[in-house]
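Novice: Below are the sequence and a predicted model; questions follow.
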Amino acid sequence: MNLRKYLSRPKMNVLLSEDEKRIGKFDVIADHFPQKTIYSKWTHNLEGGALVPFDAPRKCFALIDGHRVNAQLCLSYWKTLTIAFSAIENAIVSNQDQNLWSIAQGDNPAWCECDMCKDENPYDTLIYFVNRIANAHPDKQFHTLLYYKTEQVGTVVPLPNVMVMPTTIQLSKHRPYQEQKREDARKWRINLLDLLELTSNVGIWDYYGNFKHLLAPNPTLYSIGANMRWFRSLGIQNFIIQTDAAIGHEGSYWKEAWIYRMLKYPFLNPMTQLKIIWRREFGRAAKYVKEYYDLLDANKGNGDYLNNWRVLEVYRDSFLSDKMMARYYDVFSYSNLRSFIIQIDYACVEIGTAPKYVAERLGRFCARLGNVTVNEHKKSVKTYLKEKGL
Ligand SMILES: [Zn+2]
């Protein structure tokens, strides 16, 4: 990438949660806290109870299998628009300092099946709806998601002040998106390119964690750098990267720092930057971290589908096999990198593999839980241990 050309581009926006803002360890993050904020519950406010209250007329809510449900709204019904329009307008009046407002569908794959909606492309219905509100506030920026049913890009052109954000929620992370031959990845790439034909105000909501097993080893790391470079080469400036980067998770904050650096300086080599960050964080033990991720990557399996919800048993013949568990323990046997060892312990306990290690490791796993901050997932780990009778 041409450095001069890159530097002449508009400044990139990275949208960070409150939790992520706390992380100031790396200068690159501390200097670039987001200048913009998002209204309400980040997003998903086109479900009942957010922009449109539960006591609104039932025709405002999506018709699914003959019933009106709160999970989504009917965006074709005129009253839904007027209620949402007023809600946003009132919020803008009382929050003049905010300039980015989210208007995005509910967090589920449902979509209204009423007579007005059923024959329309959900993308078109959504963008038309958001455009109507954005048109009344040309000095504000708006944000919406392409998520599940709205992924198929249609023909409605978003207004310049509407940022459209496709998500990678359903894609596998086992390889960079650009390299995947899977049909869902191919369609997703086409939709992204179609969207870029309609607007340059595009963002990406990207995912790399396993939501059910945030502590578990996860061989997605090496796909991230390639994906970041691809997105940036397309001129995309806005990102939400949802990964298992909270304290105590696989990767923790150094992963977030690295992702941020890749987004900000896409001409840098991802692996070189990763090594710099590991060296800064782990000192001489950085070589063990690299060895661990190299092993994970080399054994992730050809056909394994890495997404956000998979059970770990799926991987017991690839990167979570008995043999590989033993290799990981060996890698860290000369260091005290507990945040990594706890990942292996967790996977051992969860899938019940590596039986000759489990008895020995269980005690250490519980001891380590007392020492490692697992942040918001402390509760789920506790629940997990309780369920296992530990
Ligand atoms: Zn409808």
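Specialist: Great, that's in hand. Residues are numbered from 1 along each chain as shown.
Novice: C-alpha from now on. contacts and neighbour counts both.
Specialist: OK.
Novice: how about the helix or strand encompassing Leu63, does it get close to the ion?
Specialist: Leu63 is located in strand 61-64, with elements delineated by DSSP states H and E. No: figure legend: strand 61-64 not in contact with the ion (C-alpha under 5 Å from the ion); closest approach 5.8 Å.
Novice: That strand: partners in the sheet, and parallel or antiparallel?
Specialist: strand 67-73 (antiparallel) (DSSP bridges).
Novice: helices or strands next to the helix or strand following the strand it pairs with in the packing?
Specialist: Sequence-wise, the next helix or strand downstream of strand 67-73 (DSSP H and E) is helix 78-94. Where contact means 3 or more C-alpha pairs under 8 Å, 6 or more residues apart in numbering; DSSP states H and E, helix 78-94 is not packed against any helix or strand.
Novice: mean confidence for the following helix or strand past helix 78-94?
Specialist: Sequence-wise, the next helix or strand downstream of helix 78-94 (DSSP H and E) is strand 100-102. Average pLDDT, strand 100-102: 83.
Novice: distance between stretch 312-323 and the chain's centre?
Specialist: Counting by C-alpha atoms, centre = their mean, to the nearest Å, stretch 312-323 is centred 24 Å from the centre of its parent chain.
Novice: Going by neighbour count, list what's buried in it.
Specialist: For stretch 312-323, burial by neighbour count (16 or more other C-alpha atoms under 10 Å) applies to Leu312, Tyr315, Arg316, Ser318, Phe319, Leu320, Ser321, Asp322.
Novice: Closest one of these to the ion?
Specialist: Leu312 (38.7 Å; C-alpha to the ion).
Novice: circling back to that earlier point, take the buried residues of stretch 312-323 and lay them out in CSV including pLDDT and distance to Phe282.
Specialist: Shown next, in CSV, are the buried residues of stretch 312-323 (pLDDT from 0 to 100; distance: C-alpha to C-alpha, whole Å):
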residue, pLDDT, distance to Phe282
Leu312, 86, 27
Tyr315, 89, 28
Arg316, 84, 29
Ser318, 90, 27
Phe319, 92, 23
Leu320, 91, 24
Ser321, 88, 27
Asp322, 85, 27
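Novice: Might one say that Leu146 is in contact with Ile169?
Specialist: No: between Leu146 and Ile169 there is no contact under C-alpha atoms under 8 Å: 10.1 Å.
Novice: Mind checking which of the two has more residues around it?
Specialist: Leu146 (22 against 16; other C-alpha atoms under 10 Å).
Novice: circling back: in helices only, show me the buried residues of stretch 312-323.
Specialist: Asp322 (DSSP state H).
Novice: neighbours of the closest residue to the ion within the chain, just the number please.
Specialist: Evaluated by C-alpha to the ion, the chain has Cys74 as its residue closest to the ion, separated by 3.9 Å. Neighbours of Cys74 under the rule other C-alpha under 10 Å: 28.
Novice: what's the closest non-adjacent residue to it?
Specialist: For Cys74, ignoring the flanking residues on the chain, the nearest one in space by C-alpha to C-alpha, 6 or more residues apart in numbering is Ala62 at 4.6 Å.
Novice: got the residues of the stretch 1-150 of the chain near the ion?
Specialist: Going by C-alpha under 5 Å from the ion, the residues of the stretch 1-150 of the chain near the ion are Cys74, Cys112, Cys114, Cys117.
Novice: Are any of the residues you listed buried, and if so which?
Specialist: Cys74, Cys112, Cys114, Cys117.
Novice: Of those, just say which sits nearest to Leu274.
Specialist: Nearest to Leu274 among these is Cys112, at 44.3 Å by C-alpha to C-alpha.
Novice: Please confirm that the closest one is located within a strand.
Specialist: No: assignment of Cys112 by DSSP: H, G, I helix; E, B strand; the rest coil gives coil, placing it outside any strand.
Novice: Just the pLDDT for it.
Specialist: So, for Cys112, pLDDT stands at 96.
Novice: excluding its backbone neighbours, what's nearest it?
Specialist: Ala62 (4.2 Å).
Novice: hang on, Asp206 is in a helix, isn't it?
Specialist: No: counting by three-state DSSP, one finds Asp206 to be strand, located in no helix.
Novice: quick check, Gly301 in a helix?
Specialist: No: using three-state DSSP, the assignment for Gly301 is coil, not a helix.
Novice: If we ignore the residues flanking it in sequence, what's nearest it?
Specialist: Per C-alpha to C-alpha, 6+ apart, closest to Gly301 is Ser318, 5.5 Å.
Novice: give the contact list for the one you found.
Specialist: Asn299, Lys300, Gly301, Met324 (C-alpha atoms under 8 Å, 6 or more residues apart in numbering).
Novice: Against Ile204, how distant is Tyr265?
Specialist: Per C-alpha to C-alpha, to the nearest Å, Tyr265 is found 17 Å from Ile204.
Novice: between these two, which one's more packed in?
Specialist: Ile204 (21 against 17).
Novice: What helix or strand is Val289 located in?
Specialist: helix 286-298.
Novice: Which strands or helices does that helix pack on?
Specialist: Judged by 3+ C-alpha pairs under 8 Å, 6+ apart, helix 286-298 is in contact with helix 270-282, helix 322-331.
Novice: Give me the pLDDT for the residue nearest to Cys112.
Specialist: 96.
Novice: before we move on, what about the one 5 residues further on?
Specialist: Reading off the per-residue confidence, His67 sits at a pLDDT of 94.
Novice: what's the spacing between it and Leu145?
Specialist: In terms of C-alpha to C-alpha, His67 sits 25 Å off from Leu145.
Novice: out of these two, which sits in the more crowded spot?
Specialist: Leu145 (26 against 13).
Novice: Isn't the more buried one up against Val162?
Specialist: No: contact criterion C-alpha under 8 Å: Leu145 and Val162 do not qualify, at 10.5 Å.
Novice: I'd guessed Ile88 sits against Val52; true?
Specialist: No: taking contacts as C-alpha under 8 Å, Ile88 lies outside contact range of Val52: 10.2 Å.
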